[in-house]
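Student: Next come a sequence and a model predicted from it.
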Amino acid sequence: MSTLPPPKETVKGNIKTITEYKIDEDGKKFKIIRTFKIETRKASKAVARRKNWKKFGNSEYDPPGPNVADTTVSDDVFMVFISSKEDLNAQDVEEDPMNKLKGQKIVSCRICKGDHWTTRCPYKDTLGPMQKELAEQLGLSTGDPTKTAGDEPEPAAPAAGSKTGKYVPPSLRDGSTRRGESMQPNRRGASDDNATIRVTNLSEDTRETDLQELFRPFGSISRIYLAKDKNTGQSKGFAFISFHRREDAARAIAGVSGFGYDHLILNVEWAKPSNN
DNA sequence: GTTGAGCGG
């Protein structure tokens, strides 16, 4: 039985030639030469340049192009980007149950449809009010459309200047001079989180007032949270201090970290946002 | 070694 020469693949300029030998059903030998024009794209310029590198080692005298005896040129591999629900729907999703989870959002922001709660939306202060205003202009905001004005006695004097009769929080009543009942600042939505530091290794009899005295010199403090056990009130030995200015917080870190306080050495760092 | 409490959908 005669052996066939191995297939050969050469590249000259932008012409690629593949030569292979075959035997057909009648035992006749065939030589097949195929030539291709290689399309050079901008993106693969670097690849084209590498093709001109001088060969070395055992391949030093090989002709240009890959040696099919020891090199396999694979098919093109196309990358598939799954970036949206639509893409998922377009393909068959069923085969992998994980695919379902990928496209499914746990939460969807009402403002920007992003992957976060509405309250955490980065546009909550800009886009949010705009959308709300727009909705009110279109008359979609409140109320029962079957109810017409004045067909029912008002139970109490409506707030001055309010025609809609909808709830107005105390902080916005009377020309907004009055503040809300609760002056307790809310951790949620705190905008000063980038000026919050965490103090650890506090002795357990440290109080908020102690912290206030300790950090007061670095700048005005917007909030102090001393972590305590909810039931026993026992301090957990760490606290969060929020400053109004981040520079003050930075100086507080530099100034107080390593500071001996009671019988312990304080550790002060930037606080991470507690939410996941 | 130790990162809060709360709101939803």
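Tutor: Yep, that arrived. The shown structure was predicted, so the numbers you read here are calculated from the model rather than taken from an experiment.
Student: residues from chain A in reach of DNA strand B?
Tutor: Within chain A, the residues that sit near DNA strand B (Cβ under 7 Å from any atom of the strand) are A:107-110, A:117-120, A:187-188, A:193, A:196, A:198, A:200-201, A:223, A:225, A:227-228, A:230, A:236-238, A:240, A:242, A:267, A:269, A:271-275. For every residue, glycine as well, the C-beta is placed using N, CA and C.
Student: In this structure residue A:59 contacts residue A:66, no?
Tutor: No. Taking contacts as Cβ atoms under 8 Å, residue A:59 lies outside contact range of residue A:66: 9.6 Å.
Student: Return the set of residues that bridge with residue A:11.
Tutor: On the basis of DSSP bridges, residue A:11 is bridged to residue A:16.
Student: When residue A:59 and residue A:66 are compared, which one has more neighbours?
Tutor: Taking other Cβ atoms under 10 Å, residue A:59 and residue A:66 do not tie; residue A:66 has more neighbours (15 against 12).
Student: And the nearest residue to the more buried one once chain neighbours are set aside, how far from residue A:46?
Tutor: Spatially, and ignoring its direct neighbours in sequence, residue A:66 is nearest to residue A:73 (5.7 Å; Cβ to Cβ, 6 or more residues apart in numbering). Residue A:73 sits 17 Å away from residue A:46, going by Cβ to Cβ, to the nearest Å.
Student: coming back round to it: any chance of a ChimeraX selection covering the buried ones in the residues of chain A next to DNA strand B?
Tutor: Buried residues within these, by 16 or more other Cβ atoms under 10 Å, are selected in ChimeraX with:
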select /A:109,193,196,198,223,225,227,228,237,238,240,242,267,271
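Student: does residue A:203 sit in a helix or strand, and which one?
Tutor: Assessed by DSSP states H and E, residue A:203 sits outside every helix and strand.
Student: Count the residues that sit near it.
Tutor: Neighbours around residue A:203, by other Cβ under 10 Å: 13.
Student: Likewise for residue A:251?
Tutor: Residue A:251: 16 neighbours (other Cβ under 10 Å).
Student: Next up, phi/psi of it, please.
Tutor: The phi/psi pair for residue A:251 (degrees, to the nearest 10) reads phi -70, psi -30.
Student: these two touch, right, it and residue A:218?
Tutor: Yes. Taking contacts as Cβ under 8 Å, residue A:251 lies within contact range of residue A:218: 5.0 Å.
Student: Need the residues touching each of the two.
Tutor: Residues touching both residue A:251 and residue A:218 by Cβ atoms under 8 Å, 6 or more residues apart in numbering: none at all.
Student: so which strand or helix has the residue in chain A positioned nearest to DNA strand B?
Tutor: Ranking the residues of chain A by distance to DNA strand B (Cβ to the nearest atom of the strand) places residue A:274 first, at 2.4 Å. If you go by DSSP H and E, residue A:274 is not part of any helix or strand.
Student: cool, and residue A:253?
Tutor: helix A:246-256.
Student: hmm, who's touching whatever helix or strand comes next after that helix?
Tutor: Proceeding N to C from helix A:246-256, the next assigned helix or strand is strand A:260-261, under DSSP H and E. Contacts to strand A:260-261, defined as Cβ under 8 Å, 6+ apart, come from residues A:202-203, A:206, A:214, A:266.
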